[in-house]
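In: Starting from these lines, generate the structure:
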Amino acid sequence: MKNLDIFNKEGKSSGQYQFTSDIESIPVRPDLYNDVVRYQLNKQRQGTADTKTRRDVRGGGAKPYRQKGTGRARAGTRRSPVWVGGGVVFGPHPRDYAIKLPKKVRKLALRSSIAQKLINNDIKVIDKIEYEKPSTRDFARMLKNLNISSKALVVLSEEEYGNDNIILSMRNIPAVEIISWTGLNLYSVLNCRTVLITKNALESVEKEILQ
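Out: Now for the predicted structure:
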């Protein structure tokens, strides 16, 4: 059974977190990542891009000029796609980009990504994060004490995520993404080098996701 050191904000070990479930038995399934990430990103697409076809363009009721004798190519309507201001051929129209993917597959991919981070020692547990007032400097110092210099995902409990002082202390650091454990997702886990998670949040993740 894999145990994780629990650190305080000074970067010193204050105990160990012992998983109650068999984390090492979780299969690592990178073959699922592409489908699940595509599922997530497609759901985020608004799909509101739209263009006017020749039937939507205003005007074009009368023939622009007579058929013969002008020396110009014949034209029957100003709505033609070859005319400036005419309709658009094969342009985008509002659509839903979402794809279907079983919930079990999405959960397995998320569990797999967390297991992979555990194997690579890319998950760090902190006992708690609390601030009486916002302080980006203190949070940056904490990251330095924990030897986190690359992109990090900070996973908080719901109570911590609802604390404005904590969020305001973190949000100005470009390489940090803040998320509640309830919003934990595959893309965010894969898109960071280190996952920094509070003890309370890890307990919830183990109970609801890893089991």
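In: just for the chain, where's the confidence low?
Out: Confidence mapping of the chain against pLDDT under 70 gives the ranges 1.
In: can I see the domain layout of it?
Out: 3-19+26-45+99-208, 47-96 (automatic domain parsing).
In: so which of those is the most packed in?
Out: domain 3-19+26-45+99-208 (a mean of 16; mean count of other CB atoms under 10 Å). (Glycine included, C-beta is placed from N, CA and C.)
In: and that domain, how far apart are its ends?
Out: 19 Å (CA to CA, to the nearest Å).
In: now for the longest helix along the chain, which elements pack on it?
Out: Counting by DSSP state H, the longest helix found in the chain is helix 103-119. Applying 3 or more CB pairs under 8 Å, 6 or more residues apart in numbering; DSSP states H and E, one finds that helix 103-119 makes contact with helix 33-44, helix 186-190.
In: can you list the residues that contact the last one?
Out: Spelled out, it's helix 186-190. When contacts are defined by CB atoms under 8 Å, 6 or more residues apart in numbering, helix 186-190 is touched by residues 33, 36-37, 40-41, 106, 109-110, 113-114, 117, 153, 177, 179, 195.
In: For Ser135, state which of those residues is nearest.
Out: Glu177 (19.1 Å; CB to CB).
In: CA atoms of the longest helix of the chain as PDB?
Out: Output of helix 103-119 as PDB, limited to C-alpha atoms (Å, rounded to 0.1, in the frame of the first residue of the first chain):
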ATOM      1  CA  LYS A 103     -19.500   7.500 -17.500                       C
ATOM      2  CA  LYS A 104     -17.600   4.400 -16.500                       C
ATOM      3  CA  VAL A 105     -15.000   5.100 -19.100                       C
ATOM      4  CA  ARG A 106     -14.600   8.700 -18.000                       C
ATOM      5  CA  LYS A 107     -14.200   7.700 -14.400                       C
ATOM      6  CA  LEU A 108     -11.700   4.900 -15.200                       C
ATOM      7  CA  ALA A 109      -9.600   7.400 -17.200                       C
ATOM      8  CA  LEU A 110      -9.600   9.900 -14.300                       C
ATOM      9  CA  ARG A 111      -8.700   7.100 -11.800                       C
ATOM     10  CA  SER A 112      -5.900   6.000 -14.200                       C
ATOM     11  CA  SER A 113      -4.400   9.400 -14.500                       C
ATOM     12  CA  ILE A 114      -4.300   9.900 -10.700                       C
ATOM     13  CA  ALA A 115      -2.700   6.400 -10.300                       C
ATOM     14  CA  GLN A 116      -0.100   7.400 -12.900                       C
ATOM     15  CA  LYS A 117       0.700  10.600 -11.000                       C
ATOM     16  CA  LEU A 118       1.100   8.500  -7.800                       C
ATOM     17  CA  ILE A 119       3.500   6.100  -9.600                       C
END
